[in-house]
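K.L.:
Only the shape, not the letters, is given here:
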């Protein structure tokens, strides 16, 4: 790891430790809207106390069995941090920008979506705080958050589009 990346990662972790759950501050502090890199997102998620899993125990974007954050949009990271803060739920991310997801303008590949494992706290929060708008063609109930994010309850996870 380069010295520059080590310093950036350390600063990011210290920032999250000091702000403990202030996603709003992070999103306004970051000047760039450029897609983020795996190491940067991983360090920021870890510093914020968020976990992720990978069925392949890897982070390569080209492998559909990995969970990659390479190419994630800063607004998507800010969205998952806001969700954690607003819901006060423990969140575990199970899918990111890796190959194997459906395409489209607001897709996983484009950095807008994350898959989050369901749990009682998150399920209750989404169903009680967000408006159910319809059922998707695949049978997944679809909820819209006030800031326009979409939550689709698929069989094994929440498919979340952060707008």
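P.N.:
Sure, I can see it. Given the structure is predicted, the values throughout are model-derived calculations rather than measurements. Numbers count the residues shown, from 1 in each chain.

K.L.:
which residues touch residue 54?
P.N.:
With C-beta atoms under 8 Å, 6 or more residues apart in numbering as the criterion, the residues that contact residue 54 are 65-67. Where C-beta positions appear, they are placed from N, C-alpha and C, glycine not excepted.

K.L.:
Output the below-cut-off pLDDT ranges for the protein.
P.N.:
Within the chain, the ranges that satisfy pLDDT under 70 run 1-32.

K.L.:
can you give me the helices in it?
P.N.:
Taking DSSP state H, the helices of the chain run over residues 3-19, 23-29, 38-47, 74-87, 120-129.

K.L.:
list the buried ones in the fourth one?
P.N.:
Going by neighbour count (16 or more other C-beta atoms under 10 Å), the buried part of helix 74-87 is 74-84.

K.L.:
related to what we said a few turns ago, out of the contacts of residue 54, which end up buried?
P.N.:
Neighbour counting with 16+ other C-beta under 10 Å marks 66-67 as buried within the contacts of residue 54.

K.L.:
number of nearby residues for the closest residue to residue 97 other than its chain neighbours?
P.N.:
Counting by C-beta to C-beta, 6 or more residues apart in numbering, the nearest residue to residue 97 once its immediate chain neighbours are dropped is residue 71, at 4.6 Å. Residue neighbour count, defined by other C-beta atoms under 10 Å, stands at 20 for residue 71.
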